[in-house]
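Q: Need the 3D shape of this:
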Amino acid sequence: MDGSSDPKALAVTITTARTLSVLLVEDNPSDVALVRALLTQHDAPVSLVVAQDGEEAIAALKDAADHARADLVLLDLNLPGKNGAEVLEELKQHPELRRIPVIMLTDSAAQADVRHAYDHHANAFLTKPVDLDQFSQAVKALGDFWFRQVLLDTSP
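A: Numbering: from 1, shown residues only. Below is the predicted model:
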């Protein structure tokens with residue numbers, strides 16, 4: 001429904017004057033390449049920063065906290081060194097970083113992982129489909145929702 005035939009309908013288009021910054025925390029180069037390709041297909045300008053492990057992710061977030069922090073974090077659970085659950089916990093305890101939405105994008109479908117993520121304030125939990133077409137659809141849907149529907153806090 002476009003809102004033109006129903007006077008009570010509200011159509012909202014949100015535009016942003018700046019590039020949205022996404023931190024992808026992922027150690028699989030194939031998944032990084034696929035997410036990068038899919039995120040460039042959105043109308044919103046997106047800058048993708050990649051961290052390959054948990055320590056690198058925390059460092060990138062803390063270093064950027066005062067100037068160009070990420071608007072959204074896509075976080076894998078299974079990372080070398082500090083894992084995704086530990087990154088999530090640290091991020092959500094940090095006063096300047098806790099408002100950043102975190103989407104768990106992982107191979108796991110274990111209920112214990114899902115529960116732990118939500119207990120530590122993840123904004124969503126998305127299991128990576130094994131099928132390439134399904135993975136593409138999932139990332140596209142994620143981008144459509146987070147870049148077109150949700151109003152992100154883009155204040156410096």
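Q: all contacts plus neighbour counts: C-alpha atoms, from now on.
A: Will do.
Q: quick one: stretch 26-41 to chain centroid distance?
A: In terms of CA atoms, centre = their mean, to the nearest Å, the centre of stretch 26-41 is found 12 Å from the chain centre.
Q: any residues touching that stretch, and which ones?
A: 24, 46, 48, 50-53, 75-76, 79-80, 136, 139-140, 143 (CA atoms under 8 Å, 6 or more residues apart in numbering).
Q: pLDDT (mean, whole number) over it?
A: Across stretch 26-41, pLDDT averages out at 89.
Q: what's the answer for stretch 58-66, then?
A: Per-region confidence: stretch 58-66 scores 78 on mean pLDDT.
Q: Can you tell me how far Thr106 is from Asp133?
A: Going from Thr106 to Asp133 by CA to CA, to the nearest Å gives 16 Å.
Q: ok, back up a step: filter the contacts of stretch 26-41 down to the buried ones.
A: 24, 46, 48, 50-53, 75-76, 79, 136, 139-140, 143 (16 or more other CA atoms under 10 Å).
Q: Go through those residues and flag which are in helices.
A: Counting by DSSP state H, the buried ones among the contacts of stretch 26-41 place Ser136, Val139, Lys140, Gly143 in helices.
Q: Reformat the residues you listed as JSON lines; add distance to Gln149 and pLDDT.
A: Listed next are these as JSON lines, based on distance: CA to CA, whole Å; pLDDT from 0 to 100:
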{"residue": "Ser136", "distance to Gln149": "19", "pLDDT": "85"}
{"residue": "Val139", "distance to Gln149": "15", "pLDDT": "84"}
{"residue": "Lys140", "distance to Gln149": "13", "pLDDT": "83"}
{"residue": "Gly143", "distance to Gln149": "9", "pLDDT": "81"}
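Q: Quick one: those as JSON lines, columns for distance to Glu86 too.
A: Shown next, in JSON lines, are these (distance: CA to CA, whole Å):
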{"residue": "Ser136", "distance to Glu86": "27"}
{"residue": "Val139", "distance to Glu86": "23"}
{"residue": "Lys140", "distance to Glu86": "27"}
{"residue": "Gly143", "distance to Glu86": "25"}
